[in-house]
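K.L.:
My questions concern the predicted model and sequence given below.
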Amino acid sequence: MEAVITVIALLFLLFVVLGAYATVKVIGAAKRGVDRTVSQARRTVEDTTLRARTFTQPGPAGQIAQLRLTLRTSMRATQDALHSGVAEDESLKESLGLFERLSVHGRELDDELKRLESEPDKRTLSTRLPELRERTERITQSADSLRWAARDRARRFAADDLDSLSEQIDVEAGALRHWTTEPGPTASWPEAPAPDMATSSGQTWPEPPQSRPADEPPRSAITPPVQRPTYPWQKKPRPESTT
């Protein structure tokens, strides 16, 4: 009885642990989904705000907003391209590592530009703009180079695969069209048997009678009657009357 209770307790404890683990996994997945949604919404709001500032704020403030928008757009596009391509091409891992190093400089520049958006000294912003623009161009050009190289590589692989597939299809199509017209079996009459030499002439003669031995008398056509013996008790035959 104690063994049964122990087994039941262990099973109950196992179910509780599995339930807790599944709950934690579900909560973690839900939290990651919420964080991802929130981050995407925040990026969309920030990009929309920056795009609006480029049109509503002339001067250095609008130019800084344009630099931030250009930097964020280039870095995000490169990140999406590399992360989507590394699942199919393992050689992009090195490129992804280089992009992570580039992202450090990009985040530093984005933070600096964000702080300068609220800078009231327009003259200082004007003097800093050439250097900030140069840094932004260097980072975006490096990011664009990685992105386009990854896309060209994927497109080249797709083109090579298409060329190989086209060649195989051409070979198969040629094999399907290359049929041979071999004559099929034709119905023929069986050959007539060779003519017999005995029956080749038009007239046939009856076979001659076989020769009989010399000591065998010839047989008559009608066998003569055999004369029966007479006995004394038989009556004499009555003579026929002449009348």
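P.N.:
Received, thanks.

K.L.:
Only C-alpha atoms from now on, for both contacts and neighbour counts.
P.N.:
Noted.

K.L.:
Can you name the next helix or strand after the host helix or strand of T23?
P.N.:
Per DSSP states H and E, T23 falls inside helix 2-56. From helix 2-56 onward toward the C-terminus, using DSSP H and E, the following helix or strand is helix 60-86.

K.L.:
who does that following helix touch, helix- and strand-wise?
P.N.:
Using 3 or more Cα pairs under 8 Å, 6 or more residues apart in numbering; DSSP states H and E as the contact test, the elements touching helix 60-86 are helix 2-56, helix 92-116, helix 122-177.

K.L.:
want to throw these into JSON lines with mean neighbour count, mean pLDDT and distance to R72?
P.N.:
Shown next, in JSON lines, are those (neighbours: other Cα atoms under 10 Å; pLDDT from 0 to 100; distance: least, Cα to Cα, whole Å):
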{"stretch": "helix 2-56", "mean neighbour count": "12", "mean pLDDT": "74", "distance to R72": "8"}
{"stretch": "helix 92-116", "mean neighbour count": "15", "mean pLDDT": "91", "distance to R72": "8"}
{"stretch": "helix 122-177", "mean neighbour count": "14", "mean pLDDT": "88", "distance to R72": "9"}
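
K.L.:
between those, which gets nearest to A81?
P.N.:
With Cα to Cα, the closest approach to A81 among these belongs to helix 122-177: 6.3 Å.

K.L.:
ok, back up a step: same list (the helices and strands packed on helix 60-86) but as JSON lines, adding distance to M75.
P.N.:
Supplementary listing: the helices and strands packed on helix 60-86 in JSON lines, determined by distance: least, Cα to Cα, whole Å:
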{"stretch": "helix 2-56", "distance to M75": "13"}
{"stretch": "helix 92-116", "distance to M75": "7"}
{"stretch": "helix 122-177", "distance to M75": "6"}
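
K.L.:
Out of those, which gets nearest to L67?
P.N.:
Comparison of the helices and strands packed on helix 60-86 against L67 by Cα to Cα identifies helix 122-177 as nearest, at 6.8 Å.

K.L.:
quick one: that closest one to helix 92-116, angle?
P.N.:
On the basis of axes from the mean of the first three to the mean of the last three Cα atoms, to 10 degrees, helix 122-177 is oriented at 150 degrees to helix 92-116.

K.L.:
what's helix 122-177 packed up against?
P.N.:
Secondary structure elements in contact with helix 122-177, counted by 3+ Cα pairs under 8 Å, 6+ apart, are helix 60-86, helix 92-116.

K.L.:
6 Å - rerun?
P.N.:
helix 60-86 (3 or more Cα pairs under 6 Å, 6 or more residues apart in numbering; DSSP states H and E).

K.L.:
Measure how the helix it packs on sits relative to helix 2-56, angle-wise.
P.N.:
For helix 60-86 against helix 2-56, the angle between stretch directions is 140 degrees (the same axes, to 10 degrees).

K.L.:
Begin at 20 from now on, thanks
P.N.:
With the count now opening at 20, the last piece we talked about shows up as helix 79-105.

K.L.:
same question for helix 79-105, mean pLDDT?
P.N.:
What helix 79-105 shows for mean pLDDT is 89.

K.L.:
List the buried residues for that helix?
P.N.:
Buried residues in helix 79-105, counted by 16 or more other Cα atoms under 10 Å: 79-91, 93-94, 97-98, 100-101, 104-105.
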